[in-house]
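*Asks:* here's a sequence, model it:
(chains A and B)
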Amino acid sequence: MKQVCGLLSTYTADVSGVCSALYEMGGMTIMHDASGCNSTYNTHDEPRWYHTPSMVYISALSEMEAVLGDEERLVQQAVETARQLRPRFVALAGTPIPMMMGTDFPGLARMIEKRSGIPAFGFSTNGMRSYLSGAGMALAAVARRFCDPSVKPDPIRPGMPVKVNLLGVTPLDFSVNGSVEAIRSLLEENGFQVQSCWAMGSTWEELMSAGKAHVNLVLSQCGEALAGELFQKYGTPWVTGVPLGEKFSSVLLEALKASARGEKVPSAFMPDLPEKSVTSEEKPFVLVGEPVFCASLREWFRREAGVPSVKILTPLEGGTGILQPGDLSPAEEDDFLEQFPQAACIVADPLYRRALRGKEIPFVDLPHEGYSGRMYRAQIPVLAGEAFSRWMEDRLKTVLL
Amino acid sequence: MNSEKERGFPGIRPLGAPVDWSGAELPLEQAAFPVPFASGLEYAAPARGGWNIVHVGMLLPESHQIFVCAQGCLRGVVLTAAEMGAMDRFSTIAVQERNVMQGDMEELILSGVEDILGKLPQKPKAVLLFTSCIHHFIGCDLNYVYGQLRQRFPDVEFTDCYMNPIMRKSKTPPDAKMRQQLYSFLKPGEQKDNFVNFIGNTQATPEDSELVQLIRKAGYGIRDICTCRTYPEYLEMGKSRMNITYQPSAKLAGDTLEKRLGQPHLHLSFGYGLEEIGKELSRAAEALGISSPPDWSENREKAEQALWKTAEAVKDFEISLDFTAAPRILSLTRLLVEHGFTVTSLYADSFLSQEQEDFLWLRQHAPRMRLFATMHPKMGIYSRVPEEKAGNKVLAIGQKAAYFTGTRHFVNLLDGGSLWGYGGICRLMEEIQEAAAREKDTQAIIQVKGWGCCG
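*Replies:* Okay, the predicted model is just below:
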């Protein structure tokens, strides 16, 4: 049945996505919630919480405030706290009860901004959608509001690096295990300069200079809306994909360079390999997870491992232009129960093993922080370049023996 | 890695700059009771050892939990179950916008439960069905839902549980409600036998506790959900002739059982005052019908000696406590101060009403003790500054105090740890000495959710 999980876990919700995306920007993010969202976020969704301070709070909404629709306390306390802590901006993010109260988040943000003099955002999240939408709307809103439209990239000159922004980067997809640094290194070793990374490891000034980039690399669906925003503001083209393995990384790097030169490039996910014949009886490799990552992983399987039949199942929304016929989105638990037994091999977060229900299907554990949180963090591989290839080849040797 | 300042944290105190603690800290002499700090936006420290409703619910053997909530609310509870290795006893039904708009919530729950129970390899004896704030507000007809479920699954017992944090500051907060519902499967009308129940604890009371000794002296056996391994064993608790609670959050459960099952309820305070413990033991002896109560003076003397000895052993440490360590944190703080410990800071956002006498005593006798809020927004960004400076040895009692002070010398005490009475004090003193002698991996320990729930 749809919406039911008898066996499986659930992905990080939109409200945590907002917090995760804005975490390093020096703003103050307030989840308009009674309690619970804060512990969920800082326990399962935020690996930076213990050591890296950030102003992420809940409003501690009370029953009476919810019944009366009283939002004055939230506004007052947001203003008071902002005056004390001097955040760069204030962001409000909604949860289920404010959705039912009909809270006007943009309206509240305008009140906070007017009273405090500090820029404010209101995100109408409701805890019922995934982090992709929350992080996506937050990143795009920051660029829309703060990035100076007059900034322009320098012309590309021979011998000079091509400047690139990395979009849609949060620990929910890339953890804190060196993956982001590896992607940066890979780009820098291949003639690029990372102008900014939205939003891990970049200073505010770097983020605000995103308009200097010649091209954007969208690394997850969290960066899709931001890519649109930067295109609208600066005309910066973008390429989508995670550089997994040598071959797909080369495709992406070439696409980035061509795109930066103003050439129209096809999607890196187009089936540009000569397709091996796939018979209807052939069992597919099944990949589960975030759409951009899974689509990139499919390219890895096709190009590095010569696997022709790869199917993506994602419970997450979106994937337009990334997923292909035969993929399933949004997939429900029953879909996994039906599809897993028909797979030649499954690559998914370890918590998906429960959907095997005892059947012995080759299964590669590829933990995803946005799904299993911190449980398997130590086992998350570096999600870039040849390091990823080595890791995956090693795992495949083990499970396909 | 860039520095925090370089990475764009403008609100964060630049290193070396003075800290403005106003609103988040004050000396005890200036503190109001029972709420010393103004309420506002709330921060949550990464100290996660306390048990949540999933952990408590899992104490019920052979039961299955089903949560009906929005994805954002499900995330925390699913991963609680996953981290404790209990996913096979846990399922979810995700509420989406259309269910709120279309008003088909009852049908969603009924179909969802049916689907889940149909998929389980064997039906559970009991289902804890958790609804959430949403159901509370839309007026979901839960009577109809439970009536239907009982009709459709006559071989499964259902009870109503709640994940409604919006009631956190009400007279029936979620934790107390959960402990109440945990015993809701016990049946009325059972013939009473010679057993006494401990109700509402998450750890069994140690055998050497004076309370246990008293119960044994009265000739009774002990039942406790913490030691039940089967559902029938749990149901036996309905036959016990009396219930004892000492956790404040268990009082509602005890009162409810008294009304519903006719089991007399003895609620004892979880105070640390040596006089107070003696009085509570006398109350317990009387309730248990013991005509000649034992003389506890030797136990009290042992506790007294342990206190002085420990104070001497940790004289080089400043002591810091937080409210998660014990329900009567002010009583514990007072006990330590009275016995020569150098208690310098206390982390708490509010106090129980029964702590007033201890509060007034401390305000008079330790007026300069620093009282910190744990949830104040400043704690999120100024945290771990004050006692971390070199040469300042801190021993913390409680996970939040350990986090905020940045110490590796700490006692991992939660909710008093069932260390009730004089014997409990002796054990606590041993743990304090152990904490002084050996460092702990604070970060690893305090990030474990529901400490001790897995055995």
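*Asks:* distance of the residue of the stretch 201-350 of chain B found nearest chain A relative to A:G191?
*Replies:* Per C-beta to the nearest C-beta, B:D349 is where the stretch 201-350 of chain B lies closest to chain A, at 10.8 Å. C-beta coordinates here come from the backbone N, C-alpha and C atoms, glycine included. Using C-beta to C-beta, to the nearest Å, we find B:D349 at a distance of 54 Å from A:G191.
*Asks:* so for these two, which residue has more residues nearby?
*Replies:* B:D349 (18 against 13; other C-beta atoms under 10 Å in any protein chain shown).
*Asks:* distance of that one relative to A:R261?
*Replies:* 58 Å.
*Asks:* likewise B:I53?
*Replies:* B:I53 is 57 Å from A:R261, by C-beta to C-beta.
*Asks:* cool, and A:S209?
*Replies:* Distance from A:S209 to A:R261, by C-beta to C-beta: 21 Å.
*Asks:* more neighbours: those two, which one.
*Replies:* Per other C-beta under 10 Å, whichever of A:S209 and A:R261 has more neighbours is A:S209, with 19 against 13.
*Asks:* show me what contacts the more buried one?
*Replies:* Counting by C-beta atoms under 8 Å, 6 or more residues apart in numbering or on different chains, A:S209 touches A:V151, A:Q195, A:S196.
*Asks:* 10 Å - rerun?
*Replies:* A:S209 makes contact with A:C147, A:D148, A:V151, A:P153, A:K163, A:N165, A:Q195, A:S196, A:S202, A:T203, according to C-beta atoms under 10 Å, 6 or more residues apart in numbering or on different chains.
*Asks:* return the distance of the first one relative to A:P155.
*Replies:* This means A:C147. As judged by C-beta to C-beta, A:C147 and A:P155 stand 20 Å apart.
*Asks:* need the pLDDT of residue 117.
*Replies:* Using chain A. According to the prediction, A:G117 has pLDDT 95.
*Asks:* my question was about chain B, not that one.
*Replies:* pLDDT, read off for B:L117, is 96.
*Asks:* can you get me a residue count around it?
*Replies:* 20.
*Asks:* roughly how far does it sit from A:S116?
*Replies:* 51 Å.
*Asks:* wait, doesn't B:R283 sit right on B:I290?
*Replies:* No - using C-beta atoms under 10 Å, B:R283 makes no contact with B:I290, being 11.1 Å away.
*Asks:* over to residue 45: give its phi and psi.
*Replies:* No chain was given, so I picked chain A. A:D45 adopts backbone torsions of phi -110, psi -10, taken as degrees, to the nearest 10.
*Asks:* not quite, go with chain B.
*Replies:* Main-chain dihedrals, B:A45, degrees, to the nearest 10: phi -70, psi 150.
*Asks:* same thing with the one 3 residues further on?
*Replies:* According to degrees, to the nearest 10, the main-chain angles of B:R48 amount to phi -120, psi 20.
*Asks:* who's in contact with stretch A:394-401?
*Replies:* Residues contacting stretch A:394-401 (C-beta under 10 Å, 6+ apart): A:285, A:301, A:305, A:307, A:344-347, A:361-366, A:381.
*Asks:* just the pLDDT for the single nearest residue of chain B relative to chain A.
*Replies:* Taking C-beta to the nearest C-beta, chain A has its nearest neighbour within chain B at B:G72, 2.8 Å off. Note on B:G72: pLDDT of 92.
*Asks:* and B:K5, by the same measure?
*Replies:* pLDDT, read off for B:K5, is 37.
*Asks:* same check on B:R370?
*Replies:* Reported pLDDT for B:R370: 95.
*Asks:* neighbours of it, how many?
*Replies:* 17.
*Asks:* so the closest residue to it other than its chain neighbours: helix, strand or coil?
*Replies:* Leaving aside its chain neighbours, B:R370 sits nearest to B:S345 (4.4 Å; criterion: C-beta to C-beta, 6 or more residues apart in numbering or on different chains). Following DSSP: H, G, I helix; E, B strand; the rest coil, B:S345 is assigned to strand.
*Asks:* and residue 328, what does it touch?
*Replies:* Looking at chain A here, since you left the chain open. Contacts for A:L328 (C-beta under 10 Å, 6+ apart) come out as A:V286, A:V288, A:K311, A:I312, A:L313, A:T314, A:P315, A:G319, A:D335, A:F336, A:E338, A:Q339.
*Asks:* actually chain B
*Replies:* Taking C-beta under 10 Å, 6+ apart, one finds B:246, B:248, B:269-273, B:276, B:334-335, B:351-352, B:354-355, B:358, B:416 in contact with B:R328.
*Asks:* what parts of the stretch 251-400 of chain A come near chain B?
*Replies:* A:315, A:332-334, A:337, A:350-351, A:354, A:357-358, A:370-375 (C-beta under 10 Å from any C-beta of the partner chain).
*Asks:* which residues in the chain form strands?
*Replies:* Looking at chain A here, since you left the chain open. A:4-5, A:28-31, A:55-58, A:90-93, A:120-123, A:162-167, A:192-198, A:215-218, A:238-240, A:285-288, A:310-313, A:345-348, A:363-365 (DSSP state E).
*Asks:* hm, I was asking about chain B
*Replies:* B:25-27, B:63-69, B:90-94, B:126-132, B:157-163, B:195-198, B:221-224, B:242-245, B:265-267, B:318-322, B:343-347, B:370-372, B:394-397, B:410-411.
*Asks:* looking at these, which is closest to A:F293?
*Replies:* Nearest of those to A:F293, taken as C-beta to C-beta: strand B:90-94 at 22.4 Å.
*Asks:* each with direction, which strands does that closest one pair with?
*Replies:* Its sheet considered, strand B:90-94 pairs with strand A:4-5 (antiparallel), strand B:63-69 (parallel) by DSSP bridges.
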